[in-house]
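Enquirer: next comes the sequence, and after it the predicted model I'd like to discuss.
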Amino acid sequence: MATPSRVTAVLGPTNTGKTHYAIERMLAHRTGVIGLPLRLLAREVYDRIVKARGPSVVALVTGEERIVPERTQYWVCTVEAMPLEIGADFVAVDEIQLCADADRGHVFTDRLLRARGLHETLFMGSDTMRSAIAALVPGVQFMKRDRFSTLTWTGSKKISRMPPRSAIVGFSVENVYAIAELIRRQKGGCAVVMGALSPRTRNAQVALYQNGDVDYLVATDAIGMGLNLDIRHVAFSSTAKFDGHRMRALYPQELAQIAGRAGRHTENGTFGITGEARPMDEEMIDAIENHRFAPVKKLHWRNEVLEFGTVERLVRSLEAPTSNDWLTRARDSDDLVALKNLSEMAEVRHRLKGPQDVRLLWDVCRVPDFRSSSPMEHASLLARIFEFLKAGRVPSEWLAKAMGRIDKTDGDIDAISKRLAYIRTWTYVAQRKGWVEDETHWREETRAVEDRLSDALHARLTQRFVDRRTSVLMRRLKQKETLVAEVNDKGEVTVEGEFVGRLDGFRFRQDASSSPDEARTLQQAAMQALKPEFHLRADRFYNAPDTEMDFTEQGGLMWGTTAVGKLVKGAEPLRAQVEAFVDDEAGPDVVEKVRRRLQHFIDRKTAALFEPLLAMSRDEALTGLARGFAFRLVEALGVLPRDAVGEDVKQLDQDARGALRKHGVRFGQFTIFLPALLKPAPTRLRLVLWSLYNGLQEFPESPPPGLVTIPNIAEVPKQHYTLSGYHPAGTRAIRIDMLERLADLLRAKDSRAGFEAMPEMLSITGMTLEQFADLMTGLGYKAEKGERPKVKTVELPPPSTSTAPIPEEESVLAPPPEPEAPVEGAEPAPVEMEVFYSFSWAPKPRFQRPERPQGDRPRGDRPARPQGDRPQGDRPKRAEGEAKPQGDRPPRADRPQGDRPQGDRPQGDRPQGERRDRGKGGEFKGGKGGKFDRNDRKDGGKDGGKPQGAKSFEARPPRVEKPIDPDNPFAVLAALKNKV
């Protein structure tokens, strides 16, 4: 063994700065080599030294990566890749306690025994190695390093209660993924670190954690080997692992190595368990907290003096025993197992011609099984590589084809991880000197493929286990930075570029895909960022014109297509109030501004659409009964069924009616209404205001504009039709104004003798004859259907404009020609029939009150008839003692009166209530109410109650036709026309 100039063992627990001390000592020398247990840790140390000295003097050598500048001074390597023959001034080996590891221990033991620097050698590790190093390394000096912080046991915690900046440790890929998925759902995400990750993927995942994008780290025991992270708490999800051969409990020093990652530098740390991990006993906890462990008694060793004469001699040299009490022969490692399997293959054995071939075979067997395949599958790949190397080099075509199958970034985490394991094999092959044809090209190519797969794996891990939206917002909130919110045209809200929900008017609709914990973060971040947006939007809304606002038929208030409030019941039907839809977080100022603007809108809308009604309610000229009737119209929002106010209408004199007509009130036969309020816009608002005032849960919708009739649905109350401007009759409901026009036509017809529908009637209603018959039935008429021959219109020849004299053989007085006699045996021409209806007044029977005994009560004391709900379309019965109907008119004593002005009413069609006073000796006194004076009779006859001078009808003899003047040509032509 070489005698070193100075050998120092720097021993102590984790977080004592041993690796940092070794880097400082190496940089104090001109050249140096440092061996690290993991490729990940080697990359971290390499980056630190490059930052200090530059990339031109620092080399990185691992199994899959080789960066060696021409002027290399400092070598950062994995322990297996350390160059021992370069004669560096300084040599260091980290985590020297791994000499006791069953799989890799023999490599660390070899470095402990043989790796020496020309001026200084350092071994860093646990204090459990003190006795072994003292026994195996003569003249060694020991340096004890104490932990900078304390480590405390905190017991068991659920994942949901895990504190921020925690690392949860699992010992299988499946366990790590399951924990990471649970944390993503409950905490928003985590970073994932495993030994199988490439350095590029591992660094990207660690950056997520170190930058604060996530507060949780899920890892394997790889974090126990020198990864310096900002971890405050370490939780074990299990205290046992599969070591490649069997499931076993973790040793106390292994648990301490991992738990020691908590509390970096001077910050104290904690450790505990989670999930289904078995609790630690008091002795174990005390050992970890106080760093007291049993010393190492045996180091794994393998003979370093190899014989390459034959495969058998090589195997014997590798299995050679040791006589040192501190050393024990290592069990068969993967490279020895591969050598034994290859030596049994005939195609390999017949290619072994000498020691050089055996040495080459041994180099091939040292290719690690990155794919974790079966021993025979791995041996088959090695045999193919050995075959290529015996022939020269691995063919570029074969290597390109193999890499082409791997260079794909699609698929899930498992697929990309498997491709990364395969590319690590080819990266290792490309790093071997003389194994490929163009070493530089293939080293760069394998590195590029590994980087692409590493980036893809990082993206998949982040996509699956990290909610970037929540992580970004949480980091900003913790840093107390001002968050920037943006709202696009679709109302989508992004905070710091992350979608968090939608701003619906002045209410924030949070993204529903978030977890409960994430939802709280999104709500907090969104409301903090949206406060300025609420004020800006409120200002825009307050200054927006009324044309941008509207109300819905269910009482909602809209700003464009966005709901910003709703109508609520006010003190009066025409004074609806508003309720603004504004989040409480927006502040009371925004709420009040939005509410005030909405109130202005609905007040102006009501004033514009109901202007005639409001003007009538403010008219101080209306007094007495007229003012009371106007009040009822305002309460009914401009539409009143006449049968509900019949008595009130009778009590209105002509002056009162005239005053109301000035405001547009029309006294129809069926409805009293303001025609201006039957338009679609007032009707729509009337239904909403009436529904609000009456506390309806679901408001009736207004019919589509332009329809004269709509279906009469039995489930819909009649009042809803009246408010909509329609009067139900039969299976249809007809518009109020059109019904009054129809009533004007019906008053001119003989409703007792019967009449047929005029084309004008059908035109007004827009109905067919059958539909019109149903409508008339609903109005109280009887419709009798019949058939008759259809009368064809005879077209007369156009009158001659010729001035020529009439021939003597033709006479204008000649009788018309006789019709041609039918041909005998011929069938008579079919007669075309037509359907017609005859309508007559036929009110439905009403309840008959019992006869009052004679003289029981004075006539003037008879109580007014109750105004109940009359059956639809019924005509009222004539009260006893009232005037009988005149001429061809139906009874009209209680019939609602039309709205024809008095001066325009035809003679004989004037209602009794509006008949003018005839003066002394007249038959009618114009007192209030227009009642008959039954004492003013001249003859005292049986027509005692009938006014003298009332119009009567009688039969007269037919008028005597005058003889035709033969000298008058026009009279002759008229007579001829009548005969035709």
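Expert: Sure, I can see it.
Enquirer: burial count for the nearest residue to residue 408 once chain neighbours are set aside?
Expert: The shortest distance from residue 408 to any residue other than its chain neighbours is 6.7 Å, reached at residue 419 (Cβ to Cβ, 6 or more residues apart in numbering). Placement of C-beta: from N, CA and C, glycine included. If you count neighbours by other Cβ atoms under 10 Å, residue 419 ends up with 22.
Enquirer: likewise for residue 233?
Expert: By other Cβ under 10 Å, 23 other residues sit near residue 233.
Enquirer: so what's it bridging to?
Expert: Under the criterion DSSP bridges, residue 233 forms beta bridges with residue 166, residue 270.
Enquirer: so what's it up against?
Expert: Contacts for residue 233 (Cβ atoms under 8 Å, 6 or more residues apart in numbering) come out as 154, 162-163, 165-167, 262, 269-272.
Enquirer: pLDDT added to those, as JSON lines?
Expert: Listed next are the contacts of residue 233 as JSON lines, based on pLDDT from 0 to 100:
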{"residue": "154", "pLDDT": "93"}
{"residue": "162", "pLDDT": "91"}
{"residue": "163", "pLDDT": "91"}
{"residue": "165", "pLDDT": "91"}
{"residue": "166", "pLDDT": "94"}
{"residue": "167", "pLDDT": "94"}
{"residue": "262", "pLDDT": "89"}
{"residue": "269", "pLDDT": "91"}
{"residue": "270", "pLDDT": "94"}
{"residue": "271", "pLDDT": "94"}
{"residue": "272", "pLDDT": "95"}
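Enquirer: rebuild those as TSV, extending it with neighbour count.
Expert: Below are these laid out as TSV (neighbours: other Cβ atoms under 10 Å):
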residue	neighbour count
154	15
162	21
163	13
165	19
166	24
167	28
262	27
269	23
270	21
271	28
272	22
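Enquirer: name the SS class of the residue nearest to residue 408, please.
Expert: What DSSP: H, G, I helix; E, B strand; the rest coil gives for residue 419 is helix.
Enquirer: what separation do you get for it and residue 431?
Expert: Residue 419 sits at a distance of 19 Å from residue 431 (criterion: Cβ to Cβ, to the nearest Å).
Enquirer: do the same with residue 699
Expert: 79 Å.
Enquirer: do residue 274 as well
Expert: From residue 274 over to residue 431 the distance is 40 Å, taken as Cβ to Cβ.
Enquirer: where does the stretch 651-800 of the chain dip in pLDDT?
Expert: Applying pLDDT under 70 to the stretch 651-800 of the chain picks out residues 793-800.
Enquirer: what about the strands in it?
Expert: Using DSSP state E, counting those that start in this stretch, the strands of the stretch 651-800 of the chain run over 666-667, 671-673, 709-711, 726-729, 732-735, 781-789.
Enquirer: out of those, nearest to residue 239?
Expert: Distance to residue 239, taken as Cβ to Cβ, is lowest for strand 709-711 among the strands of the stretch 651-800 of the chain, at 77.4 Å.
Enquirer: what's that closest one in contact with?
Expert: 703, 726, 731-735, 765-767, 771, 775.
Enquirer: of these, keep whichever come out buried.
Expert: Those of the contacts of strand 709-711 that meet the buried threshold are 703, 726, 732-735, 765, 767, 771, 775, by 16 or more other Cβ atoms under 10 Å.
Enquirer: in terms of helices and strands, where is residue 620?
Expert: Following DSSP states H and E, one finds residue 620 outside all helices and strands.
Enquirer: quick one: it from residue 586, how far?
Expert: 45 Å.
Enquirer: the two: which is more packed in?
Expert: More crowded of residue 620 and residue 586, by other Cβ under 10 Å: residue 586, with 23 against 6.
Enquirer: just confirm residue 783 contacts residue 773, I think it does.
Expert: Yes. When contacts are counted by Cβ atoms under 8 Å, residue 783 is listed as touching residue 773 (4.1 Å).
Enquirer: where do the contact lists of the two overlap?
Expert: 837, 839.
Enquirer: pLDDT score assigned to residue 600?
Expert: The score at residue 600 is 96. That number is its pLDDT.
Enquirer: burial measure for it, as a count.
Expert: Residues lying near residue 600 (other Cβ under 10 Å) number 14.
Enquirer: so who does it touch?
Expert: By Cβ under 8 Å, 6+ apart, residue 600 has no neighbours at all.
Enquirer: go again with 10 Å.
Expert: 542, 546, 549, 578 (Cβ atoms under 10 Å, 6 or more residues apart in numbering).
Enquirer: go on, residue 70?
Expert: With Cβ under 10 Å, 6+ apart, residue 70 has these contacts: 56-57.
Enquirer: please report phi then psi for it.
Expert: For residue 70, the backbone dihedrals (degrees, to the nearest 10) come out as phi -70, psi -30.
Enquirer: could you measure from it over to residue 431?
Expert: Taking Cβ to Cβ, one finds residue 70 at 18 Å from residue 431.
Enquirer: out of the contacts of residue 233, the closest to residue 504 would be?
Expert: When the contacts of residue 233 are compared against residue 504 (criterion: Cβ to Cβ), the nearest one is residue 162, at 35.3 Å.
Enquirer: tell me how far the closest one lies from residue 234.
Expert: Taken as Cβ to Cβ, the span from residue 162 to residue 234 is 11 Å.
Enquirer: mutual contacts of these two, please.
Expert: Joint contacts of residue 162 and residue 234 (Cβ under 10 Å, 6+ apart) are 168, 272.
Enquirer: and the strands of the stretch 651-800 of the chain as a markdown table, adding distance to residue 839?
Expert: Listed next are those as a markdown table, based on distance: least, Cβ to Cβ, whole Å:
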| stretch | distance to residue 839 |
| --- | --- |
| strand 666-667 | 24 |
| strand 671-673 | 21 |
| strand 709-711 | 18 |
| strand 726-729 | 13 |
| strand 732-735 | 15 |
| strand 781-789 | 5 |
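Enquirer: and those: which comes nearest residue 287?
Expert: Here strand 709-711 is closest among those (Cβ to Cβ), at 88.4 Å.
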